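Visitor: What shape does this take:
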Amino acid sequence: MPATAHHELAAAETKSCTMAPFSIVAAISRQEDPGMSHRRAVALMVLVTLLWSIAGVVSRHLDTAGSFEVTFWRSLFNALALSVLLTAMRGPGLWRGLARSPWPVWFSAVCWSVMFTAFMLAITLTTVANVLVTMAIGPLITALFTRVFLHHRLPARTWLAIALAGVGIGWMFGQEARSGLSLAGTIVALAVPLAAALNFTTLQYVSHRRTDAQHGVGQDMLPAVLIGAALSAVFTFPMAYPFQSSAHDLALLALLGAVQLAIPCLLVVRLSRVLPAPEIALLGLLEVVFGVTWAWLGAGEQPAASTLTGGTLVLGALIANEALAMRGRGASGQPQAAPRS
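Guide: As a prediction, the model looks like this:
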């Protein structure tokens, strides 16, 4: 695989179901098939955002599970689902080489673990809208990190988008503090885009320097998602025990671990071979729209005015930045690949 494909893979990793489960697994399994059309890839990416977006509304229907227990069970079920799917995709060799994985895989796994843990903790501490809007700044933090650590040049539009998104998040924080609401959930949610940006920046650095130029051989980073889920479960277990979840809670958490997390995480890695990174980032913003809508309709959680104002600034900045990036690449006739230094 050429190095550019690995950059797109790294970008994608950082981040109600109408398709039959077997069809989803089949789509994931055809990782080396270059024949997927752009239209089908876009449709599957929309499906990915739909699956991601159910976390908030489902968590609002849990009976007794606390913050850390919710995180533990979701991560555990995610790890179990990934174990089955990755074994089917990679075969028994997956497990023989897992412990000997190089440091980038383990570093990426730690980042995934932080993302899995912080997201569910934040969902239990603040509104779904606050969490999703805060997470939406991930692409801009990634751009900033690649500038600082990899010395990538950022266009003026990206700096402007970063500033506008910062104003939006700052507005949310300020209004929450002024109204006396706890900022804990929003602060915890910030760990998700920070970990995702660090994950992508590190993977891109490694990809530049370790991809075999002659054969195009790169490191398989899919096992990092599995290791990250396992680390999240191990970390939260002491704080989750003794368990209080009902059978109803366990069923919902199993749904989150397998359908909301494992399947879309693998799908988006597959789609990164077809869709350019800016397009994935732009389509990924649908998670915010879907997630807030489900929480409003399915759990009666109406977003605050400050969240809507801040969210409008954040999403507007992101949409304008990504749309201009795609338009610029299309006008220049260049392939829409992830940025290279």
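Visitor: in the stretch 1-150 of the chain, what spans have low per-residue confidence?
Guide: Along the stretch 1-150 of the chain, the parts satisfying pLDDT under 70 run over 1-35.
Visitor: try it again with 50
Guide: Low-confidence regions of the stretch 1-150 of the chain, defined by pLDDT under 50, span residues 1-33.
Visitor: quick one, helices of it?
Guide: For the stretch 1-150 of the chain, the helices defined by DSSP state H, counting those that start in this stretch cover 3-13, 21-29, 38-52, 55-59, 67-90, 93-98, 103-125, 128-135, 138-150.
Visitor: Tell me which of these lies nearest to Leu308.
Guide: helix 128-135 (7.8 Å; C-beta to C-beta). All C-beta spots, glycine's among them, are computed from the backbone N, C-alpha and C.
Visitor: Show me how far stretch 67-85 is from its chain's centre.
Guide: Computed by C-alpha atoms, centre = their mean, to the nearest Å, the chain-centroid distance of stretch 67-85 equals 16 Å.
Visitor: right, I mislabeled it, should have said stretch 69-86
Guide: That offset, for stretch 69-86, works out to 16 Å (C-alpha atoms, centre = their mean).
Visitor: List the buried residues in it.
Guide: Buried residues in stretch 69-86, counted by 16 or more other C-beta atoms under 10 Å: 69-83, 85-86.
Visitor: do stretch 133-153 as well
Guide: For stretch 133-153, the neighbour count (16+ other C-beta under 10 Å) marks 133-147, 152 as buried.
Visitor: from those residues, which is closest to Trp171?
Guide: For the buried residues of stretch 133-153, the nearest to Trp171 is Val133 (10.4 Å; C-beta to C-beta).
Visitor: circling back: tell me which of the helices of the stretch 1-150 of the chain sits nearest to Ala233.
Guide: When the helices of the stretch 1-150 of the chain are compared by C-beta to C-beta, helix 67-90 sits nearest Ala233, at 4.2 Å.
Visitor: quick revisit: ok, which pair from the buried residues of stretch 133-153 is furthest apart?
Guide: Across the buried residues of stretch 133-153 (C-beta to C-beta), the longest gap, 25.6 Å, separates Val133 and His152.
Visitor: rewinding a little: between the buried residues of stretch 133-153, which is closest to Ser232?
Guide: Lowest distance from Ser232 to the buried residues of stretch 133-153 (C-beta to C-beta) belongs to Met135, with 16.3 Å.
Visitor: Quick check, the closest one in contact with Pro193.
Guide: Yes: between Met135 and Pro193 there is a contact under C-beta atoms under 8 Å: 5.5 Å.
Visitor: Run a quick neighbour tally on His38.
Guide: 11 (other C-beta atoms under 10 Å).
Visitor: same thing with the one 3 residues further on?
Guide: If you count neighbours by other C-beta under 10 Å, Ala41 ends up with 20.
Visitor: Same check on Leu160?
Guide: 13.
Visitor: same check, this time on the one 10 residues further on
Guide: Using other C-beta under 10 Å as the criterion, Gly170 is surrounded by 12 other residues.
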